[in-house]
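Visitor: quick one: sequence and predicted model below, then my questions.
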Amino acid sequence: LLESAQRDVTQLTLLEIASDGVYPKLTTSANLKKLRINLDAKPQASFKPTFALKVPRAALDLSGDGGDGGRSTGRHESAGDVVIEWVDYDRDDVDERVAHVRRLDDLARMMHSASDCHPDLHSIDCVGYVDDTSRCRYGLVYKAPSPSFSTLHELIASSDLKTPNLDDRVRLAHTLAVALWSLHSLDWLHKSLCSSNILFFPSAFSASAHSSTAAGALVPDIQCPYLTGFDASRPDLDTALSVAPRNPSILTLHRHPASLRGFPHCKPMDIYSLGLVLLEIGLWKVLQTYHKPHYSTGRWRDKVLRAALVPGLGSKVGSRYRDVVDKCLAVSEEMTSAEAGKVIEDVVTALEAIRT
């Protein structure tokens, strides 16, 4: 029923009403799907945000300025430990600010109870959003499981931590694939999937994360990932790039070449990004290890990733895992939503078979 409604808001509303009280999960899914469609719609002059989830700046005590990829930690007066993800704005551009508030309001409502209603999303509950006028930025405020966290990128890049067991890495890959599959089933697009937007609580470098055994002390716990970094910026914020920047960001290296050329984001691009995260998990190396400043986006994908790195996965994690990664990297921006859905379903099924 949910799939047949596709992106028809009227049908989704009818489905939401008809299933209310009878199929609560279906009601929630229909509502979340409507909110996802709102995120893609053009800003309207008559738009009025609900402000129900607007967090007063005075309610937050920040412990950092957002230096970690625009992400801060802090305390909320009632929610406790929080993580805030920031979006900068131009104080003088009223239209831009309206567009930001519109998307933040929708996204905050969408994420408010997503982790409880859809645990497979592996998201963090959103407390709301805040306007930090002194820094010209809006922030999405998430209730954190603990005061500190590590990103997957940090865990892989750290020379102080050991590589987790293969079983644990395959389980992590499967969990992330299921999370993306769940997102896409709701017609959500992540748009920013990369190893720096996957968090683990508490930080692997904190005292509370240390194992009591000497052997386990240096192996990071990767059992419970949280997907963050959901795109809260304007739909047209992705700028066209013919070649990768000389010092590309972590996110840029995970983007599909067509996305860097300005092609509208679509499900296959999320799947491509997932493939690169799975590649990093399999090799237990970050992409920056292999990237050179002179690589074009096409050469990076075709000559380095698919022709050199993916074949090397077989000896490290097995041929089935290797084939899953290659399947993700082979997606085309021309794929239909149904075709992309079949790919991510096949990926989940294949990883499930390896995991068991």
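Guide: That came through fine. Numbers count the residues shown, from 1 in each chain.

Visitor: number of residues surrounding E96?
Guide: Residues near E96, counting by other Cβ atoms under 10 Å, number 16. Where you see a C-beta, it was placed from the backbone N, CA and C, and this is true even at glycine.

Visitor: test my guess that it contacts Y89.
Guide: Yes: using Cβ atoms under 8 Å, E96 is in contact with Y89, at 5.9 Å.

Visitor: any idea how far R97 lies from R137?
Guide: Separation of R97 from R137 (Cβ to Cβ, to the nearest Å) stands at 11 Å.

Visitor: mutual contacts of those two, please.
Guide: Counting by Cβ atoms under 8 Å, 6 or more residues apart in numbering, the common neighbours of R97 and R137 are Y89.

Visitor: how about the contacts made by H153?
Guide: Counting by Cβ under 8 Å, 6+ apart, H153 touches 194-196, 198, 250, 280, 286.

Visitor: one more time with 6 Å, if that's ok
Guide: H153 makes contact with 195-196, 250, 286, according to Cβ atoms under 6 Å, 6 or more residues apart in numbering.

Visitor: over to L152?
Guide: 195, 198.

Visitor: which residues in the stretch 51-200 of the chain form strands?
Guide: Using DSSP state E, counting those that start in this stretch, the strands of the stretch 51-200 of the chain run over residues 54-55, 60-62, 71-76, 80-88, 126-132, 137-143, 150-151, 198-200.

Visitor: report the mean confidence score over the third one.
Guide: Right, strand 71-76. Averaged across strand 71-76, the pLDDT comes to 93.

Visitor: one more: the longest one?
Guide: pLDDT averaged over strand 80-88 equals 92, rounded to a whole number.

Visitor: list the helices and strands it packs on?
Guide: Packing contacts for strand 80-88, counted by 3 or more Cβ pairs under 6 Å, 6 or more residues apart in numbering; DSSP states H and E, involve strand 71-76, strand 137-143.

Visitor: apply 8 Å and report the result again.
Guide: With contacts defined as 3 or more Cβ pairs under 8 Å, 6 or more residues apart in numbering; DSSP states H and E, strand 80-88 has these neighbours: strand 60-62, strand 71-76, strand 126-132, strand 137-143.

Visitor: and the nearest residue to P56 once chain neighbours are set aside, bridged to which residues?
Guide: Excluding the flanking residues, the one nearest P56 by Cβ to Cβ, 6 or more residues apart in numbering is V130, at 7.4 Å. Following DSSP bridges, V130 is listed with bridge partners V55, G139.

Visitor: what is the burial count for V130?
Guide: With other Cβ under 10 Å as criterion, V130 counts 26.

Visitor: quick check, it in contact with G139.
Guide: Yes: counting by Cβ under 8 Å, V130 does reach G139; the two are 4.8 Å apart.

Visitor: so how far is stretch 141-157 off the chain centroid?
Guide: Here stretch 141-157 is found 13 Å from its chain centre; the criterion is Cα atoms, centre = their mean, to the nearest Å.

Visitor: low pLDDT regions in this structure?
Guide: Within the chain, the stretches with pLDDT under 70 are 1-50, 64-69, 207-217, 231-248, 356.

Visitor: do a quick rundown of the helices in it.
Guide: Ranges of helices in the chain, per DSSP state H, are 2-5, 9-19, 24-40, 94-111, 114-117, 152-157, 166-185, 250-253, 257-260, 267-283, 297-299, 314-317, 319-329, 337-355.
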